[in-house]
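Visitor: what follows is a predicted protein model with its sequence.
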Amino acid sequence: MKTAYAVLLSFFYFTVTAQTQIEVAPPYNIKTAAFTQNNQNVVPIFRLGDQFNFEFDDLFGNEADYYYEITHCDYNWVPTDIPKSEYLSGFDGQKIQETINSFNTLQIFTHYKLSLPNNYTNRLLLSGNYVLTILNSDKEVVTKRYFVLYEDLVPVSLKIRRARTVKDIYAKHNLEIEIKGEDRILFQNPMQNLKVLLLQNGKFCTAIKNVPPQYTVSNNYVYKYDKETQFWAGNEFLNFDSKDIKNANNYVSFVNSDNGIYNTHLFTNNDKSSFPYSNYSDINGNFTIRKFDAENNITESDYSWVYFSLSSPLADPSSSIYIVGMFNNYSTTPEFKMDFNTKKGLYEKAVLIKQGFTNYQYLTVNSKGIIDQEHAIDGNFYQTENEYTVLVYYKGSADRYEKVIGKGTANSLNITN
């Protein structure tokens, strides 16, 4: 009976602790949370051994204590059974040490910066999927974010082509991949052990996964599917520039400070799905923090309420529309959900955003909570410039975890038929 009880308890513990990890959006007071490298906001995919940071602002500005934990996960973001001492040299669970308060801003905040590795977490030892968890002083989860560490063990070729299906030829991008194992790695049972993750502009929320190799050439593995590796192309990101926060400039109608901090009112955006593609540059959903004539952009850049409005008569009334970008990690929480103003016939929302240059888009989520890319507010055009990434995962028969053995990137500016 004791043995049976121990087995049952062990099974219960495994099922509770082996839950799929999902990203957790931070509360209202935590803003501008982003991974950075070389003072730039980046998609959190790093070469094993590289230095990177995670930074955020706390609008309470009371120098609260925050802690961090790092969890190694498998391809499906389920925590592995690898002991922490085997994937982390040093230890986590430590307080974030680098903090600095805002200077000369209407909205006070404390800026936090976690550098990895650091004096406590000396090194991350294994490639793979990771979850970074930020906790408060009561050990409550504040936010969870994905990041990936990869190794350059195999070359990965990625090409962007027009859609292989005729009905989608003007609206989708098709990815063709070749993993060149050659004599570097002898893959064991590649149909099961070799996996890829396909990302468009670094968005984990729309990733394509669980696509096996279509065929092999010697020890090279080729993906030339007609449907399985296609993305809706979308449209170029919208943007506004508030580096000179007191004055209106591109796409900003007017600015005031009626409620104690700045208010940035943007011109109304129109549904572009029924219009021809219009070419204008973007930074693929990213954002930069900057203030005109600032000595330190991080601490001197202020926050403002940014007022968005959207005219979209073709929007499905049963769906919800959100304002998203890297500035909020494409979050679909109520904070970013637009409200329909029946008097004006417009969707409206005010979002608190740190000043600088910000890319954003309107994201449609249907009544089932699924992102509706096919009926995107701004349409889908094969001419759209997108950055694509493929990550290659491999777990041999005797391996204990899935390594990320290669990374390939390509831009749809180089699209071919």
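Guide: Looks like it arrived, so ask away. In this text the structure is predicted, and so the values were computed from the model without any measurement.
Visitor: list the buried ones in stretch 147-159?
Guide: 147-151, 153-154, 156, 158-159 (16 or more other CB atoms under 10 Å). To be clear about C-beta, it is placed using only N, CA and C from the backbone, and glycine gets the same treatment.
Visitor: and for T80, the neighbour number?
Guide: As a burial measure, T80 scores 18 neighbours (other CB atoms under 10 Å).
Visitor: so what's it up against?
Guide: Listed by CB atoms under 8 Å, 6 or more residues apart in numbering, the contact partners of T80 are 72-74, 128, 400-401.
Visitor: could I get the pLDDT score of it?
Guide: What the model reports as pLDDT for T80 is 96.
Visitor: cool, K95 as well?
Guide: On pLDDT, K95 comes in at 97.
Visitor: next: Q188.
Guide: The model reports Q188 with a pLDDT of 86.
Visitor: assign it to helix, strand or coil.
Guide: On the three-state scheme (DSSP: H, G, I helix; E, B strand; the rest coil), Q188 is labelled coil.
Visitor: what's the burial count for it?
Guide: Neighbours of Q188 (other CB under 10 Å): 14.
Visitor: the one 5 residues further on too?
Guide: Neighbour count of N193, defined by other CB under 10 Å: 15.
Visitor: next one: L48
Guide: For L48, the neighbour count with other CB under 10 Å is 17.
Visitor: pretty sure it contacts L124?
Guide: Yes. Using CB atoms under 8 Å, L48 is in contact with L124, at 7.1 Å.
Visitor: okay, and the common contacts of these two?
Guide: Contacts common to L48 and L124, judged by CB under 8 Å, 6+ apart, are L149.
Visitor: contact partners of stretch 332-346?
Guide: So stretch 332-346 is contacted by 25, 28, 268, 308-311, 313, 320-324, 328, 347-349, 351, 362-363, 365, 371 (CB under 8 Å, 6+ apart).
Visitor: please flag which of those residues sit within strands.
Guide: Per DSSP state E, strands hold the following members of those: 308-311, 320-324, 347-349, 351, 362-363, 365.
Visitor: just the buried subset of these, written out for PyMOL, thanks.
Guide: To isolate the buried ones among those in PyMOL, judged by 16+ other CB under 10 Å, type:
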select buried, resi 308+309+310+320+321+322+323+324+347+349+351+362+363+365
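Visitor: report pLDDT for F12.
Guide: Model confidence at F12, given as pLDDT, is 48.
Visitor: can you pull out the helices in the stretch 1-150 of the chain?
Guide: Secondary structure of the stretch 1-150 of the chain (DSSP state H, counting those that start in this stretch): helices located at 2-17, 84-87.
Visitor: and which of the buried residues of stretch 147-159 is nearest S278?
Guide: Checking the buried residues of stretch 147-159 against S278 with CB to CB, the nearest one is K159 at 25.8 Å.
Visitor: I'd say that closest one and L175 touch.
Guide: Yes. K159 lies in contact with L175 (CB under 8 Å); the separation is 7.5 Å.
Visitor: can you pull the residues that touch both of those two?
Guide: A410.
Visitor: Serialize the buried residues of stretch 147-159 to CSV and add fields for pLDDT.
Guide: Shown next, in CSV, are the buried residues of stretch 147-159 (pLDDT from 0 to 100):
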residue, pLDDT
F147, 98
V148, 98
L149, 98
Y150, 98
E151, 97
L153, 94
V154, 95
V156, 96
L158, 97
K159, 96
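Visitor: and the residues you listed, which is closest to N189?
Guide: Among the buried residues of stretch 147-159, V154 lies closest to N189 (CB to CB), at 16.4 Å.
Visitor: P190: how many residues sit nearby?
Guide: Neighbours around P190, by other CB under 10 Å: 18.
Visitor: residue contacts, it?
Guide: P190 sits next to 213, 216, 221 when contact means CB under 8 Å, 6+ apart.
Visitor: just those residues: which are in helices?
Guide: Among the contacts of P190, DSSP state H puts none in helices.
Visitor: among the residues you listed, find the lowest-pLDDT one for me.
Guide: Among those, pLDDT bottoms out at T216, giving 89.
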